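> Got a predicted structure plus its sequence, pasted below:
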Amino acid sequence: GDAARHPVQSQEDRVSIGLGWHAIENERGQVVMHGGGTGGYLTFMGLNLARGWGAVVLTNMFRTPAADIGLPILTGAPLAPAPRWRRAITIEPSVLDRYVGRYRFLRGVGPGWIEIAQWDGGLVADVEGMGEAPIYASSATTFFWRVAEDELTFETDADGAAIALVTRSPAQGENRAVRE
């Protein structure tokens, strides 16, 4: 409606908010948009009123904001290059069994826990407060998410059973979690 196009709260130059809608203005025009996300999925809906264009973007890649796709569509700007696709390898189910369990992070360091379970011939990681997403093997002990640029490496004992894991994230650095 009209209140969304005439924002009442300014955040910074050329970006403002009205009734929960963000208005962004640049040399290519004004876009009114809103987006959100949960559990590795992101959304974007936007309108370029001057051009009469609209776009809805639904993604299953948390590492690429949906607005990074939607805004160029609405403004005619070029799209950024696609994220790098990592190739997964297959790990024997008996090896995956060694990693299944709950791991606890140190207090005050990121989420409290991460739980690993078998899923569809591979593994899924459920991170406290972030939800569940598949992880894919790049080696026998290192796995990555396709929904984020993060990876984790299992630390094992002499028998190959996991005793801990270390997560690596461009945003959070390294965090170690010990198996409960």
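Here it is on my side, so go on.

> gap between the helix or strand hosting residue 176 and the chain center?
Assigned by DSSP states H and E, residue 176 belongs to strand 173-179. Chain-centre distance of strand 173-179: 19 Å, with Cα atoms, centre = their mean, to the nearest Å.

> for stretch 109-128, same thing?
14 Å.

> Please go through the protein and pick out the longest helix.
Looking across the chain with DSSP state H, the single longest helix is helix 67-75.

> I'd like to know which elements the very next helix or strand once past it is packed against.
Using DSSP H and E, the helix or strand that directly follows helix 67-75 along the chain is helix 93-97. Counting contacts by 3 or more Cβ pairs under 8 Å, 6 or more residues apart in numbering; DSSP states H and E, helix 93-97 packs against strand 113-119. For glycine as for every other residue, the C-beta is placed from the backbone atoms N, C-alpha and C.

> Please identify the buried residues of the one helix or strand residue 22 maps to?
Using DSSP H and E, residue 22 sits within strand 21-26. For strand 21-26, the neighbour count (16 or more other Cβ atoms under 10 Å) marks 21-24 as buried.

> partners of it in the sheet?
strand 15-18 (antiparallel), strand 29-38 (antiparallel) (DSSP bridges).

> where does the protein have its least confident helix or strand?
strand 9-12 (a mean of 41; mean pLDDT, DSSP states H and E).

> Next up, the contacts around residue 54.
Counting by Cβ atoms under 8 Å, 6 or more residues apart in numbering, residue 54 touches 45-48, 74.

> What residues sit buried inside stretch 34-50?
34-35, 40-48.

> Can you add secondary structure and pLDDT and give the residues you listed back as TSV?
Rendered in TSV, the data for the buried residues of stretch 34-50 read as follows (DSSP: H, G, I helix; E, B strand; the rest coil; pLDDT from 0 to 100):
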residue	secondary structure	pLDDT
34	strand	92
35	strand	89
40	coil	67
41	strand	79
42	strand	84
43	strand	91
44	strand	93
45	strand	95
46	strand	94
47	strand	93
48	strand	92
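
> Could I get these in CSV, plus columns for distance to residue 180?
Converted to CSV, these look like this (distance: Cβ to Cβ, whole Å):
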residue, distance to residue 180
34, 40
35, 36
40, 24
41, 29
42, 31
43, 35
44, 38
45, 41
46, 44
47, 49
48, 51
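
> that older thread, if you average pLDDT over each of the strands paired with strand 21-26, which is lowest?
Lowest mean pLDDT within the strands paired with strand 21-26: strand 15-18, at a mean of 70.

> related to what we said a few turns ago, please state the offset of the longest helix of the chain from the chain centre?
18 Å.

> That one - contacts with which helices or strands?
strand 29-38, strand 41-48, strand 53-59.

> Residue 99 contacts residue 125, doesn't it?
No: when contacts are counted by Cβ atoms under 8 Å, residue 99 is not listed as touching residue 125 (9.8 Å).
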